[in-house]
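S.K.: this one's structure only:
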């Protein structure tokens, strides 16, 4: 799984209650194809046993700077690592790293490594807010380390709620992915993505929409952020969690989506229109709920705005513009028509009647139709892989502009 497969990750664990979450992070990294070397402080072993991480990663766990026969482990681990991640990072650990300590195996690894470092603080909210902790965090960032802001929520028993919780392992995994993606054309670029359906009101309680869940658009937004882009997401109602690090504008109707896209477009180096906006709405939505006994028989429809067409005059020079064409029947013909009518660099075509290629599934089978007429048929694959395939082609276009 990109970009984790074949990468060596040193995963540091310090002595905080949040270390129980780190086991799942180790599992996620291993499942994604990374080789995970877990390094635990002495305090961490009081919360989670080393055997837990050995079982999850299939690799030995490192705990002692002065273990017989392994005196240079800190150098070997530091040199082999593609990234060093510490989760949780306690206030004490942050202070020691900020001041260059190397009095245990984990701090020694950090002092010896030239790999990118990600620190994931977790502590009591008062400890996080302490001026000394904040100064240490600022210093660590100035040193070039990445430090994730802790989440807000329930803390240890009896401590109420506040900022200090370690982010969920899936969020940390995404940040590690961004740390590993270093040389792509998306660094410093702005990418605008749309996702999900829109809803056109029929009356105050009913609407016209479709079966889109937003999975494809969210996968593209997450992959673009992981590759180093600043990502703006304009989304209709979603049924999937939002990825970290992304500016989100939530809309309801197709007109609202068109307005939000036009507002964000001037900053965009690329627009990927992965949403499935409703093509029609009620011509005259009722202001009151339509009663069953008042059955209108028919509801007059009118077309909604064509978002890609309405943005043509707002596209920045050199911006890459990608559309999606969800079709039934002759999908390629529909895709080619959309490509020409909406002035796209390429269009991603799929047939919603194919098994595993429609709404509300984790896979997709698409064909990419390019401006020059070339077509690329991709096999059935996870939507996360489809997202990377699309962004590979966007990246190639960005490099030439």
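M.R.: Perfect, I can see it now. All values derive from a computational prediction rather than experimental measurement. Numbers count the residues shown, from 1 in each chain.
S.K.: show me the helices in the stretch 251-400 of the chain, by range?
M.R.: 254-264, 307-310, 331-341, 383-399 (DSSP state H, counting those that start in this stretch).
S.K.: just put those helices in CSV and tack on distance to residue 82 and mean pLDDT.
M.R.: (C-beta placed from N, C-alpha, C; glycine too.) Output for the helices of the stretch 251-400 of the chain, formatted as CSV (distance: least, C-beta to C-beta, whole Å; pLDDT from 0 to 100):
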stretch, distance to residue 82, mean pLDDT
helix 254-264, 33, 97
helix 307-310, 39, 93
helix 331-341, 38, 92
helix 383-399, 18, 96
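S.K.: and of those, who's closest to residue 216?
M.R.: The closest of the helices of the stretch 251-400 of the chain to residue 216 is helix 383-399. By C-beta to C-beta, the value is 5.2 Å.
S.K.: ok, and what's touching that closest one?
M.R.: With contact meaning C-beta atoms under 8 Å, 6 or more residues apart in numbering, helix 383-399 is reached by 1-2, 184-186, 189, 191, 215-216, 219-220, 222-224, 227, 269-270, 272, 320, 322, 345-346, 348, 362-364, 366, 368, 378, 381.
S.K.: which of those are buried, as a ChimeraX select command?
M.R.: In ChimeraX, this line selects whichever of the contacts of helix 383-399 come out buried by 16 or more other C-beta atoms under 10 Å:
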select :2,184,185,186,189,191,215,216,219,220,222,223,224,227,269,270,272,320,322,345,346,348,363,364,366,368,378,381
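S.K.: of the contacts of helix 383-399, which belong to strands?
M.R.: Members of the contacts of helix 383-399 lying in strands (criterion: DSSP state E): 191, 270, 272, 320, 322, 346, 348, 363, 364, 368, 381.
S.K.: separation between residue 184 and residue 394?
M.R.: 10 Å (C-beta to C-beta, to the nearest Å).
S.K.: err, residue 147, not the other one
M.R.: 30 Å.
S.K.: same question for residue 207.
M.R.: Residue 207 is 32 Å from residue 394, by C-beta to C-beta.
S.K.: so which of those two has more stuff around it?
M.R.: The residue with more neighbours, out of residue 207 and residue 394 and counting by other C-beta atoms under 10 Å, is residue 394; that gives 26 against 19.
S.K.: distance of that one relative to residue 141?
M.R.: Counting by C-beta to C-beta, the gap from residue 394 to residue 141 is 30 Å.
S.K.: domains for the chain, by residue range?
M.R.: Listed by automatic domain parsing, the domain ranges of the chain are 8-180, 190-399.
S.K.: grab the nearest non-local neighbour of residue 306.
M.R.: Excluding the flanking residues, the one nearest residue 306 by C-beta to C-beta, 6 or more residues apart in numbering is residue 342, at 7.5 Å.
S.K.: I figured that neighbour was touching residue 315, is that so?
M.R.: No: counting by C-beta atoms under 8 Å, residue 315 is not a contact partner of residue 342; they are 10.8 Å apart.
S.K.: pretty sure residue 296 sits against residue 290.
M.R.: Yes: contact status for residue 296 versus residue 290: in contact at 6.4 Å, counting by C-beta under 8 Å.
S.K.: list residues touching both of residue 342 and residue 315?
M.R.: In terms of C-beta under 8 Å, 6+ apart, residue 342 and residue 315 are both contacted by the residues residue 321.
S.K.: residue 397 versus residue 345, what's the distance?
M.R.: From residue 345 across to residue 397, the span is 6 Å (C-beta to C-beta).
S.K.: need the residues touching each of these two.
M.R.: Residues touching both residue 345 and residue 397 (C-beta under 8 Å, 6+ apart) are residue 320.
S.K.: before we move on, back to that, which residues does the residue nearest to residue 306 contact?
M.R.: Residue 342 sits next to 306, 308, 309, 312, 321, 323 when contact means C-beta under 8 Å, 6+ apart.
S.K.: out of these, who's nearest residue 20?
M.R.: residue 323 (44.6 Å).
S.K.: quick check on residue 275: phi, psi?
M.R.: Phi and psi for residue 275, reported as degrees, to the nearest 10, are phi -70, psi 160.
S.K.: I figured it hits residue 234, correct?
M.R.: Yes: with contacts counted by C-beta under 8 Å, residue 275 reaches residue 234, the gap being 7.4 Å.
S.K.: who's more crowded, these two?
M.R.: Per other C-beta under 10 Å, whichever of residue 275 and residue 234 has more neighbours is residue 234, with 29 against 25.
S.K.: partner strands of whichever strand or helix holds the more buried one and their direction?
M.R.: Using DSSP states H and E, residue 234 sits in strand 230-235. As defined by DSSP bridges, the strand partners of strand 230-235 come to strand 190-195 (parallel), strand 247-250 (parallel).
S.K.: in TSV: those strands, plus distance to residue 114.
M.R.: Putting the strands paired with strand 230-235 into TSV (distance: least, C-beta to C-beta, whole Å) gives the following:
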stretch	distance to residue 114
strand 190-195	29
strand 247-250	32
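S.K.: looking at the ones you listed, which is buried most?
M.R.: Comparing the strands paired with strand 230-235 on average neighbours per residue, with mean count of other C-beta atoms under 10 Å, the densest one is strand 190-195 at a mean of 28.
S.K.: what's the helix or strand following that one in contact with?
M.R.: With elements assigned by DSSP H and E, the helix or strand that comes after strand 190-195 is strand 200-203. Under the contact criterion C-beta under 8 Å, 6+ apart, strand 200-203 has outside partners 207-209, 253-254, 278, 280-282, 285-290, 299, 304.
S.K.: over to stretch 52-72?
M.R.: Identification of contacts with stretch 52-72 by C-beta under 8 Å, 6+ apart yields 11, 13, 22-23, 26-27, 29-30, 35-42, 45, 50-51, 73-74, 77, 103-105, 108.
S.K.: start to end distance for that stretch?
M.R.: Terminal residues of stretch 52-72 lie 24 Å apart, using C-alpha to C-alpha, to the nearest Å.
S.K.: could you do stretch 355-375 as well?
M.R.: End-to-end span of stretch 355-375 (C-alpha to C-alpha): 21 Å.
S.K.: what of stretch 138-153?
M.R.: 23 Å.
S.K.: so for that stretch, mean pLDDT?
M.R.: Stretch 138-153 shows a mean pLDDT of 95 in the predicted model.
S.K.: contact partners for residue 153?
M.R.: Counted by C-beta under 8 Å, 6+ apart, residue 153 has contacts 161, 165.
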